[in-house]
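Peer 1: Sequence plus the predicted model coming up.
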Amino acid sequence: MSTATRTPGRTDGAPAAAAAPAPGAMTRLLRRWPAAALVLLVVAPYSTLPLPGLLDGPVGSPGSLQLLATCLMFGALATGYDLLLGRTGLLSFGHALYFAAGSYATNMFLLEAGLPFAAAAVLGLCSGTVLALVLGSVSLRVTGIGFSMVTLAFAQAGSILVSRNPGGRTGGEEGRAAPADALPSWLVGIDHTANLYWIALAYLVLTLVVVRWAVRSPTGRVWEGIRENERRVEVLGLKPYGFKLTAFVLAGALAAVGGLVHLLLTGGSTPQTTTSDFTLSLLVMVVLGGSGTRWGPMIGGILYTWADHRLGDLAGSGAVAGLPAVLRVPLSQPLFLLGVLFVAVVHLLPGGLARLPSRLRRPREENR
Amino acid sequence: MSTVVLLTMTGLGLGALYFLIASGLSLIFGLMDVLNFAHGALLSVGAYGTWWAASGNLPGAGPGGWGFVLAVLFGTAVGTLAAVVLELAVVRPLYTRPREQVLATVGVGLAVPALLSGVWGPDARTFPGPEALSGTFGLLGADVPVDRLVLIAAALVVLVALRLFLGRTRHGLVVRAGVEDRAMVTALGIDVRKAFTLVFAIGGCAAALGGALGGLYFGSVDPRQGTSLLIFAFVVVVTGGMGSVTGAAVAAVVIGLVQQFANYYTAAGLGDLAVVVLLAVLLLVRPRGLTGRLA
């Protein structure tokens, strides 16, 4: 049902050529859109183009760049998360933990140990990865939904630990700001937002490349097999446990890098990133965009993050305040809108946005 | 000694609360393979329904005497109704897609607390409990709050009622058979979908009762209460063995006690961690949970 979107390399040419009589230069150009989009994204900080409604200021202004960088970061995070959900069929509810570990561990190595930024970043990444290895090897002992519950429980434990502020190290509910003087100067301050934006973009490209490489590797094929039918993989003589753990650790490591980017982007670690709501929002991104597709999770992450910021503005706007209570109360709750949107996507848009074009195309082809 | 008694009773009360959520969760999971993320929302609906009725909004209901009983009945009924609506409107249309059933309940689990917080504000509301249940009684030298006893009694009633229903009635037989092997029950020509609605209603009823009594236990209701209790209910379901009501009861008692004792004898908050550590250790020793049932 979905081979066309999952393995574009294999099926791209044939159906496209069959549908269009002359696969001209146009089609070939269209297929290069990722490269074009990347170029556009790289030069975005130099642009003064205003996008009224979409962004508050011109594209290159620090405020817009900050929002764009956040969007790209979540696009990448969702892509990494889909390595579990869409590629291996593992529904983890604890992904926030590894993201937060990357952020908090790096921050603590900076603050408590006084390490230089590069060393703290590497140690932070290692902490997130090791945590994923340890907790993944325990939670993968249960399968199916039980695994989901266990990952959630671990993440909740992490969240509680962070909010209890052990030894004053995590800052509790307040979170903890990163020490500006310990960071390289080109990463600090509003003048350097463009650098942070490029870091977020690099993180997105890195994640896309790693995920694509991993999915196409022999291990990736086993993941696909596990997603479709784990028992069959076992019958073939392979042990799913090791493959699932590999996916879990890889996704955890990517999330830890994301935590690092988030630390730089927001200038600190916040306890909101440890909550189960945070993982659930990742889940919403992936499902909205299209789980198991190449671009879907990224699109979902970018759209969600943008809508989340904009919905916050909408909820506080005068237009909503003037509505009767029946409409105003739900509209003023971003999480309510989000939850309803999520239910609607699951019901009305199976496969997410990424599958929308093919769903629209199919009825037309049947009419021919 | 008196501290130990008090901690035991408080732990049992908490365990009773966990059981009220976990029993429905476990049955829904066992029967439908659906991890109902909206279950905490059902608890919140029950809690707010009871609070709303007991605050004098429902004629005849109030914070004292039979008025409070009426308020609890009202909250439980609203929660049960919400569960039935949830099953019919959100879960049933996705009958053939279990994974997406889970996702849809995640959406409901986000939306309902947000709606409650939109209508009644994000802050905790004082729960109007009856005078008779606010006192304490002496037990082996400890002054134990009466509400703990009410929770334990309610959980015992629900446990016995569920066991009788599952063991002695035809509907219960269908549900139990469905938990064991859904495909076989369907092949015998029994409409398992009716059992789904029934199980959702039962689960919602127990969770809403948990919400009403949870208000008594905590002394307040807030929109996030259901979700935070839900996570411990998940731990209970995994620990007890998925789909088993008795397993859930045993696990709820263990988890409630461990949490209370660890919170008291170590630093506050470590009890919550101890529960998760307990879960990890159990999974390392027995991946199938206490009763040996596997997901």
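Peer 2: Done, it's in. None of the values given here were measured: they were computed from a predicted structure.
Peer 1: avg pLDDT for stretch B:259-272?
Peer 2: The average pLDDT for stretch B:259-272 rounds to 79.
Peer 1: buried stuff in that stretch?
Peer 2: Buried residues in stretch B:259-272, defined by neighbour count with 16 or more other C-beta atoms under 10 Å in any protein chain shown: B:Gln259, B:Gln260, B:Phe261, B:Ala262, B:Asn263, B:Tyr264, B:Gly269, B:Leu270, B:Gly271, B:Asp272. (C-beta placed from N, C-alpha, C; glycine too.)
Peer 1: and the two most separated of those residues?
Peer 2: Pairwise distances across the buried residues of stretch B:259-272 (C-beta to C-beta) peak at 13.7 Å, for the pair B:Phe261 and B:Gly269.
Peer 1: In helices, which of the buried residues of stretch B:259-272 fall?
Peer 2: B:Gln259, B:Gln260, B:Phe261, B:Ala262, B:Asn263, B:Tyr264, B:Leu270, B:Gly271, B:Asp272 (DSSP state H).
Peer 1: which one of the residues you listed sits closest to chain A?
Peer 2: Checking those against chain A by C-beta to the nearest C-beta gives B:Asp272 as the nearest, at 4.8 Å.
Peer 1: give the contact list for the closest one.
Peer 2: Residues near B:Asp272 by C-beta atoms under 8 Å, 6 or more residues apart in numbering or on different chains: A:Gln156, A:Ala157, A:Ile160, B:Phe232, B:Gln259, B:Asn263.
Peer 1: State the pLDDT value of whatever residue of the stretch 51-200 of chain B ends up closest to chain A.
Peer 2: When scored by C-beta to the nearest C-beta, the stretch 51-200 of chain B has B:Ala111 as its residue closest to chain A, at 2.8 Å. pLDDT for B:Ala111: 86.
Peer 1: Could you do A:Ala96 as well?
Peer 2: Confidence score, pLDDT, at A:Ala96: 91.
Peer 1: just A:Gly175 next, same as before
Peer 2: So A:Gly175 comes in at 79 (pLDDT).
Peer 1: burial of it, as a residue count?
Peer 2: A:Gly175: 20 surrounding residues under other C-beta atoms under 10 Å in any protein chain shown.
Peer 1: so it touches A:Ser269, yeah?
Peer 2: Yes: assessed by C-beta atoms under 8 Å, A:Gly175 is found in contact with A:Ser269 at 5.4 Å.
Peer 1: Counting neighbours, what do you get for residue 237?
Peer 2: Unless you meant another one, I'm taking chain A. Neighbourhood size, A:Gly237 [other C-beta under 10 Å]: 6.
Peer 1: Sorry, I should have been clearer: chain B.
Peer 2: 33.
Peer 1: contacting residues for A:Gly301?
Peer 2: A:Cys71, A:Phe74, A:Gly75, A:Ala76, A:Leu77, A:Ala78, A:Thr79, A:Leu282, A:Met285, A:Val286, A:Gly289.
Peer 1: Pick out whichever of those residues sits closest to A:Val138.
Peer 2: Closest to A:Val138, out of all of these and judged by C-beta to C-beta, is A:Leu282, at 21.2 Å.
Peer 1: which secondary structure element contains the closest one?
Peer 2: helix A:276-289 (DSSP states H and E).
Peer 1: Is there any residue in that helix that contacts chain B?
Peer 2: Yes: using C-beta under 8 Å from any C-beta of the partner chain, we find that helix A:276-289 touches chain B at A:Ser276, A:Asp277, A:Leu280, A:Leu283, A:Val284, A:Val287.
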